[in-house]
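Q: Structure for the following, please:
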Amino acid sequence: MGSTFIVHGVTLGAEGIISEFTPLPRLTAVVALPFYCASLIETVQSDIVRDDSSSGLLDCVREGLARLLGVGAPHSRRLLPLSWLLLPAALHAVLRYAVAASVQRVALWLHQRSKKQADPSNPLDAYFPELAAAWAGSLVADIVVFPLETALHRLGLQGTRTIIDATDGAVAAAAGGSPLVLPVNTQYDGFADCLHAIRRKEGGAGFYRGFGALATQYALHGALLAAARTLLRLLLLEGRG
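A: So this is what the prediction gives:
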């Protein structure tokens, strides 16, 4: 969680700075890319091989700078240059923003068309349509760009000597033993090669591996929005009564 918050902080800070000088604040994904790769490693790295002595809060910053400068971090020849990931990262960020904004506008338009008279003083009419539209836009955008994100994750981990848990049907090595782990040993030559390799070896479903986590995230988010809306409606009814 610490590294995730650091990446969000870097993204927000870079977005604030870039938006002051250029009209391209969404390209902050390119600025935060090395730190995002470092956070990704911490996110998927197996706890079995993780060194607790080097799991500090600022490790994400140190590893991100090492990835950016190409020094200090252990790597192999399979590690792709960071410059090879800049264009895919920018494409992912811009496409996600475009899809999310378009779906959000369409959802708000449909809501306004179906409900001709809205009370601006009513919180249910003033805030929740925008929250629901934003939720729908983010959901559709993440579904659309999920294949790109899958490829970016695999390219970001390649050559970093990351060890992950063998979650695809692997069992313990012995009774009561520790779960098996696997190294990330991909050999992609770039973004296009990664997409072709996934389609060739794993089929279309390979682009959506891990999609259940995203579905759970948005299901929880939607449930919280629905619960908040129901609670607010009950409070308003009690206040009127």
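Q: List the buried residues in stretch 10-17.
A: 10, 11, 14, 15 (16 or more other Cβ atoms under 10 Å). In short, each C-beta sits where N, CA and C put it, glycine included.
Q: Let's verify residue 86: helix, strand, or coil?
A: Recorded secondary structure, residue 86: helix (DSSP: H, G, I helix; E, B strand; the rest coil).
Q: Quick check, it in contact with residue 31.
A: No. Using Cβ atoms under 8 Å, residue 86 is not in contact with residue 31, being 10.0 Å away.
Q: Next, count neighbours for residue 92.
A: 18 (other Cβ atoms under 10 Å).
Q: Ok, the one 3 residues further on next?
A: Applying other Cβ under 10 Å, we find 15 other residues in the vicinity of residue 95.
Q: Okay, domains of the protein per the record?
A: 1-47+54-75, 80-165+182-240 (the TED database).
Q: Just name the most buried of the ones you listed.
A: domain 1-47+54-75 (a mean of 16; mean count of other Cβ atoms under 10 Å).
Q: what mean pLDDT would you report for it?
A: Domain 1-47+54-75 shows a mean pLDDT of 80.
Q: Use 15 as the first number from now on
A: From this message on, residue numbering opens at 15, which makes the last subject domain 15-61+68-89.
Q: ok, residue 46 to residue 98 distance?
A: Residue 46 sits 17 Å away from residue 98, going by Cβ to Cβ, to the nearest Å.
Q: now swap in residue 55 and tell me
A: In terms of Cβ to Cβ, residue 55 sits 17 Å off from residue 98.
Q: Does residue 106 touch residue 166 like I think?
A: Yes. Using Cβ under 8 Å, residue 106 makes contact with residue 166 at a distance of 6.1 Å.
Q: so where do the helices sit in this structure?
A: Listed in chain order, the helices found in the chain under DSSP state H are 16-35, 42-45, 47-58, 73-83, 97-128, 137-140, 142-171, 205-216, 225-254.
Q: For the fifth one, what is the distance to the chain centroid?
A: Here helix 97-128 is found 14 Å from its chain centre; the criterion is Cα atoms, centre = their mean, to the nearest Å.
Q: got it, and the second one?
A: Taking the mean of its C-alpha atoms, helix 42-45 sits 13 Å from the chain's own mean (Cα atoms, centre = their mean).
Q: cool, the first one as well?
A: Taking Cα atoms, centre = their mean, the mean C-alpha location of helix 16-35 is offset from the chain mean by 15 Å.
Q: What helices and strands are in contact with it?
A: Helices and strands touching helix 16-35, by 3 or more Cβ pairs under 8 Å, 6 or more residues apart in numbering; DSSP states H and E, are helix 42-45, helix 47-58, helix 73-83.
Q: Can I get stretch 35-47 in PDB, CA atoms only?
A: Only the C-alpha atoms of stretch 35-47 are listed here, as PDB (Å, rounded to 0.1, in the frame of the first residue of the first chain):
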ATOM      1  CA  PHE A  35       2.700  24.700 -18.500                       C
ATOM      2  CA  THR A  36       1.000  22.300 -21.000                       C
ATOM      3  CA  PRO A  37      -2.500  21.100 -21.900                       C
ATOM      4  CA  LEU A  38      -1.400  17.500 -21.500                       C
ATOM      5  CA  PRO A  39      -1.900  16.600 -17.800                       C
ATOM      6  CA  ARG A  40      -2.800  13.000 -18.600                       C
ATOM      7  CA  LEU A  41       0.700  12.300 -19.700                       C
ATOM      8  CA  THR A  42       1.800  12.100 -16.100                       C
ATOM      9  CA  ALA A  43       1.600   8.400 -16.500                       C
ATOM     10  CA  VAL A  44       4.900   8.700 -18.400                       C
ATOM     11  CA  VAL A  45       6.500  10.600 -15.600                       C
ATOM     12  CA  ALA A  46       5.300   8.100 -12.900                       C
ATOM     13  CA  LEU A  47       6.200   5.100 -15.100                       C
END
